[in-house]
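Asker: sequence and predicted structure, then a few things I'm wondering about:
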Amino acid sequence: LPASGSGIDLQQLLIELNRRECNEVLVECGATLAGAFVREGLFDELIVYMAPALLGSSARPLLGLPQLASMSEKVSLKWQDVRRIGDDLRLTLTPV
């Protein structure tokens with residue numbers, strides 16, 4: 001697939017996977033790729049596992065998103081499910 005900026009064009013990737021009859025795509029990744037999918041609105045559901053621990057401000061972020069200039073730039077999500085898995089929480093969210 002053709003590159004787009006710093007990587008593969010995610011929209012074209014999903015189009016190609018659809019052409020190959022892949023109807024569901026699970027993306028388990030780091031903050032950079034996860035942030036790219038969220039920024040481009042290419043997700044139907046976000047599942048986040050959260051441990052009861054604080055790592056500090058220098059820890060890796062959950063999503064690589066640009067700094068917001070105003071609250072109108074936020075990514076709004078809707079709660080679908082919250083479950084306790086052992087000591088952790090599993091949050092299931094969808095875009096509004």
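Answerer: In hand now; what should we look at? Nothing here was measured: the structure is a model prediction, and the numbers come from that model.

Asker: contacts only, for Glu40.
Answerer: Neighbouring residues of Glu40 by Cβ atoms under 8 Å, 6 or more residues apart in numbering: 10-11. C-beta coordinates here come from the backbone N, C-alpha and C atoms, glycine included.

Asker: let's see it at 10 Å
Answerer: 9-11, 14 (Cβ atoms under 10 Å, 6 or more residues apart in numbering).

Asker: helix, strand, or coil at the most centrally placed residue in the chain?
Answerer: Residue closest to the mean C-alpha point of the chain, counted by Cα atoms, centre = their mean, is Ala34 at 3.9 Å. With DSSP: H, G, I helix; E, B strand; the rest coil as the basis, Ala34 sits in helix.

Asker: so who does it touch?
Answerer: Counting by Cβ under 10 Å, 6+ apart, Ala34 touches 27-28, 43, 46, 48, 61-65.

Asker: from those residues, which two are the most distant?
Answerer: Glu28 and Leu65 (18.1 Å; Cβ to Cβ).

Asker: the more surrounded of these two?
Answerer: More neighbours surround Leu65 than the other of Glu28 and Leu65, with 16 against 7 (other Cβ atoms under 10 Å).

Asker: hang on, the more buried one in a helix?
Answerer: No: secondary structure of Leu65 (three-state DSSP): coil, not part of a helix.

Asker: for it, grab phi and psi.
Answerer: phi -120, psi 150 (degrees, to the nearest 10).

Asker: how much space between it and Glu21?
Answerer: For Leu65, the distance to Glu21 equals 31 Å [Cβ to Cβ, to the nearest Å].

Asker: the chain: helices as residue ranges?
Answerer: In the chain, the segments counted as helices under DSSP state H are 10-19, 31-39.
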